[in-house]
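Q: Structure for this input, please:
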Amino acid sequence: MEKRLENKVIVLAGGTRGVGRAAAIEFARQGAKVVIGDLDEEAAMRVIRLMRTYGSDGHFVYVDLREIKYCKILFDEAYKKFGKIDGFYMYSGVTPVSPLDSCDEETYDLVMGVNFKGCFFCCQQAIKYMRMNGGGSIVFTGSAHAWGGQKDRTAYACSKGALRILMEHIAHQYATEHIRCNYFTLGWTATDGEVALRLSQGESEAELRQRAAGILPMGRMPEYADYLPGLVYLFSDESSMMTGSTFRMTAGEYI
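A: The predicted structure is shown next:
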C-alpha cells in the first residue's frame, strides 16, 4: 500500500478523542510520525501504541492550550524528537452552551483560550519550524458555526469565525514560504463531547442520531472515518497548491 504521508512529521493538538484520535491513527497508517499535544497522557499513550503497530512512531507532550508556554513546548519537543515539522492539525476545541445573553466570562475565556488563543500561538511556533523545512501544511478544524452559528453556541461560533480569518491570513501572508493553511469544516458528528452534552440534556445517542438524520440533507451524521481521506489529502503533497480554502464535509449542513 502506498503511504501518502511517508516520512512526514505532524503535530496534532488534541489527539486522544474523537476525530483527532482517528486522525492520529490514520496519519500513522499513512506513514507519518505524529506528536500529540494533549492533557491526557494515558489516553495519548494508548493511541501511540496503536500507531506503532503500523510501523510508525508517536510522541506525547502535555499541553494546556490556554497557556502560551505550552504551545512553544509542544513544537520544541516535536522538533527535538523528530528533527522537523511538516504539518500542524488543530483539532482541540471546546463547545459549551454559550448564548450571547447569558454567556459568562469564565465560559468565554475557556472557549477563546482553547479554540483560538491556543491555535494562534501554536501557529506562531509551527511557522517558525516549517520555515526550517521549506514549508508545511496547517489545518484548522472548522465549523459551520463560523458563519453565524446557532443561538446557544455564540462563543464557539466566534472562536471558529476567528480561526477562519486566521486561516486566510496565514494562507495569504506565508504562501511565498510554501506554508499553507486550510479550514477543514467538520459536520455535526456524534463525538464524545457532543454525546455527553446531549445526555446531560436528556437525549440518548440513538435519539441524537435519529434527530440529526432528519435535519441533515444527506440523511445521517458524518462518522470519524468520513473525514480521514480529506485530512490525509490536506497534509499530503497532493494538496501542495491548495491554501486559503474552506474544505467542507458537513452532510450538506450550512448553519
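Q: Which helix or strand contains Glu207?
A: helix 205-215 (DSSP states H and E).
Q: Residues touching that helix, excluding its own?
A: For helix 205-215, the external contacting residues (CB atoms under 8 Å, 6 or more residues apart in numbering) are 188, 190, 194-195, 198-199, 203, 219-221, 253. For glycine as for every other residue, the C-beta is placed from the backbone atoms N, C-alpha and C.
Q: for Val11, what are its contacts?
A: Applying CB under 8 Å, 6+ apart, we find Val11 in contact with 34-35, 37, 74-75, 78, 85, 87-89, 122, 126.
Q: What pLDDT is listed against the closest residue to Gly20 other than its chain neighbours?
A: Using CB to CB, 6 or more residues apart in numbering and skipping the chain neighbours, the partner closest in space to Gly20 is Tyr91 (3.6 Å). As summarised for this prediction, Tyr91 has a pLDDT of 97.
Q: how close does Tyr91 sit to Phe75?
A: 16 Å (CB to CB, to the nearest Å).
Q: swap in His178?
A: Separation of His178 from Phe75 (CB to CB) stands at 18 Å.
Q: Name the helix or strand for Arg180, please.
A: With DSSP H and E as the criterion, Arg180 is inside strand 179-186.
Q: ok, that strand: who's next to it in the sheet?
A: strand 136-143 (parallel), strand 246-249 (parallel) (DSSP bridges).
Q: Pull the contacting residues for the spatially most central residue of the chain.
A: The centroid of the chain falls nearest to Tyr91 when counting by CA atoms, centre = their mean (1.9 Å). Contact analysis of Tyr91 by CB under 8 Å, 6+ apart lists 12-15, 18-20, 23, 141.
Q: go on, Thr189?
A: 18-19, 221-224.
Q: which among those residues end up buried?
A: Neighbour counting over these (16 or more other CB atoms under 10 Å) leaves 18-19, 221-222, 224 as the buried ones.
Q: Among these, which one sits closest to Ile165?
A: Minimum distance to Ile165 across the buried ones among the contacts of Thr189 is 22.4 Å, recorded for Val19 (CB to CB).
Q: re earlier: past the helix holding Glu207, which element shows up next along the chain?
A: helix 224-235.
Q: tell me what that next one is packed against?
A: When contacts are defined as 3 or more CB pairs under 8 Å, 6 or more residues apart in numbering; DSSP states H and E, helix 224-235 packs onto helix 18-29, strand 87-90, strand 136-143, strand 179-186, strand 246-249.
Q: just the angle between the third one and helix 224-235, please?
A: Which is strand 136-143. 150 degrees (axes from the mean of the first three to the mean of the last three CA atoms, to 10 degrees).
Q: please renumber so the chain begins at 138
A: With 138 as the first residue, the last one maps to strand 273-280.
Q: which stretch of helix or strand covers Phe257?
A: Phe257 belongs to helix 255-269, assigned by DSSP H and E.
Q: Provide the backbone phi and psi angles at the nearest residue to Lys221 once chain neighbours are set aside.
A: Nearest residue to Lys221, sequence neighbours excluded (CB to CB, 6+ apart): Asn270, at 4.7 Å. Dihedral pair for Asn270: phi -110, psi 10, per degrees, to the nearest 10.
Q: Do you know the pLDDT at Asn270?
A: pLDDT recorded at Asn270 is 93.
Q: Tell me which residues touch the closest residue in space to Ile185 that isn't next to it in sequence, please.
A: In space, Ile185 comes closest to Gly195 once its chain neighbours are excluded; the distance is 3.7 Å by CB to CB, 6+ apart. By CB under 8 Å, 6+ apart, the contact set of Gly195 is 161, 165, 170-173, 181, 184-185, 188-189.
Q: do Gly152 as well
A: Shown in contact with Gly152 (CB under 8 Å, 6+ apart): 158, 160-161, 171, 173-175, 181, 184, 228.
Q: make it 7 Å
A: Gly152 makes contact with 158, 161, 171, 173, 175, 181, 184, 228, according to CB atoms under 7 Å, 6 or more residues apart in numbering.
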